[in-house]
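In: Starting from these lines, generate the structure:
(one chain, ligands or ions: 2)
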Amino acid sequence: MADFLSQYSIQRWLEMCPQGYLEDTVDGHEPGLQEPEEIMADDDFREASIRLTVQLIAGERAALAASSGLVNLAPDDPSKFFLATQTLDEARHVEIFTNRLIDLGVKKEDVNSTVADMANPNLVKFAEVLLGKVADGDFIAGVVGQNIVLEGMAFSVFELLKATSDEVNPKFAQTLSGTIADERRHVGFGENRIGGLIKQHPEKKAQIEKMQAEMSYHMLATFADTFSQGTDSMERARQLAAESGAASDVNWHGTNIAQASTEEMEAVLADTVLGEFKTRLGRIGLEYQSPKVPA
Ligand SMILES: [Fe+2]
Ligand SMILES: [Fe+2]
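Out: Ligands and ions are numbered 1, 2, ... in the order given. A predicted model of the protein is given here:
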């Protein structure tokens with residue numbers, strides 16, 4: 001617990017995050033950067049970027065609702081302190097992706113209706129499973145659902161997006177790099193804090209494993225929808241990347257994501273996320289359950 005106290009304290013968070021990698025940034029990026037002209041001048045591409053950003057906002061809103069709920073459920077002060085810092089991180093994530101939506105041309109007053117209209121229904125269900133556990137007051141399931149499942153997913157999705165944006169959209173890539181650093185800390189807390197609690201409450205394992213399978217099912221359905229809708233915009237993004245001289249070889253977990261088909265992209269993302277779930281759940285004494293495969 002001593003390590004735990006210092007590793008996840010508010011002091012450590014201040015040093016690492018606001019006084020560390022976020023220092024002198026605006027929304028996580030260098031001041032003055034803008035969305036590339038290629039996106040802003042092309043309505044289809046801009047709309048696809050809006051749709052993608054909406055999914056990030058929907059996920060981050062769920063994380064904000066879950067982490068703030070978990071503060072009050074936490075059984076000890078160090079966990080409360082960490083979850084309070086996480087609550088602020090998640091609020092920041094909602095804010096920076098909302099600001100990106102506005103930068104992409106959505107009017108401030110239309111943000112909520114745009115998110116409601118465009119959020120993927122499977123992602124909404126994914127969030128409902130997690131928020132149901134928090135509403136039931138189930139701290140252990142809530143932390144597994146949020147800090148292992150939701151954030152394990154977010155972490156890999158952000159990494160993939162960052163890898164595809166590094167050369168063509170430094171503003172978005174830099175914003176993502178701060179969120180990746182935050183998510184890494186959140187996932188670490190989940191693993192470090194929850195293993196001991198699961199040992200004390202082995203009777204909870206079965207229902208937590210069931211929750212993970214349900215959330216994984218909705219996640220895979222979200223990926224399937226997103227990639228099948230995204231074929232045209234991915235092609236467009238690649239043409240633009242090629243025209244601007246970006247690398248044609250970007251390796252991400254063994255797949256060249258600068259050339260892969262949408263099916264291959266979906267497969268490498270799903271495999272990566274599920275592989276991480278297996279490893280992390282194993283470390284906290286849970287057995288990964290394969291979800292049904294969405295139709
Ligand atoms: Fe987040
Ligand atoms: Fe997070």
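In: Going by C-alpha atoms from here, please, whenever you check contacts or count neighbours.
Out: Will do.
In: and residue 200, how many neighbours?
Out: 10 (other CA atoms under 10 Å).
In: ugh, typo on my part, it should be residue 247
Out: Using other CA under 10 Å as the criterion, residue 247 is surrounded by 11 other residues.
In: swap in residue 19?
Out: Using other CA under 10 Å, residue 19 has 12 other residues around it.
In: Ok, residue 290 next?
Out: Applying other CA under 10 Å, we find 15 residues neighbouring residue 290.
In: Now do the end-to-end distance for stretch 115-122.
Out: End-to-end distance for stretch 115-122: 14 Å, by CA to CA, to the nearest Å.
In: Contacts for it next, please.
Out: For stretch 115-122, contacts defined as CA atoms under 8 Å, 6 or more residues apart in numbering pick out 51, 54, 55, 57, 58, 218, 219, 221, 222, 225.
In: rerun at 10 Å
Out: By CA atoms under 10 Å, 6 or more residues apart in numbering, the residues outside stretch 115-122 that reach it are 50-59, 98, 101, 110-111, 113, 124, 126-128, 215, 217-226.
In: Would you pull up how far it lies from the middle of the chain?
Out: Remark: stretch 115-122 is offset 16 Å from the chain centroid, using CA atoms, centre = their mean, to the nearest Å.
In: Name the residues of it that come out as buried.
Out: 115, 119, 120, 122 (16 or more other CA atoms under 10 Å).
In: Same list (those) but as CSV, adding secondary structure, pLDDT and distance to residue 36.
Out: Below are those laid out as CSV (DSSP: H, G, I helix; E, B strand; the rest coil; pLDDT from 0 to 100; distance: CA to CA, whole Å):
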residue, secondary structure, pLDDT, distance to residue 36
115, helix, 98, 22
119, coil, 97, 24
120, coil, 97, 25
122, helix, 97, 30
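In: before we move on, back to that, which among the contacts of stretch 115-122 count as buried?
Out: Using 16+ other CA under 10 Å as the burial test, those include 50-59, 98, 101, 111, 124, 126-127, 215, 217-224, 226 as buried.
In: Just those residues: which are in helices?
Out: Among the buried ones among the contacts of stretch 115-122, the ones falling in helices (DSSP state H) are 50-59, 98, 101, 111, 124, 126-127, 215, 217-224, 226.
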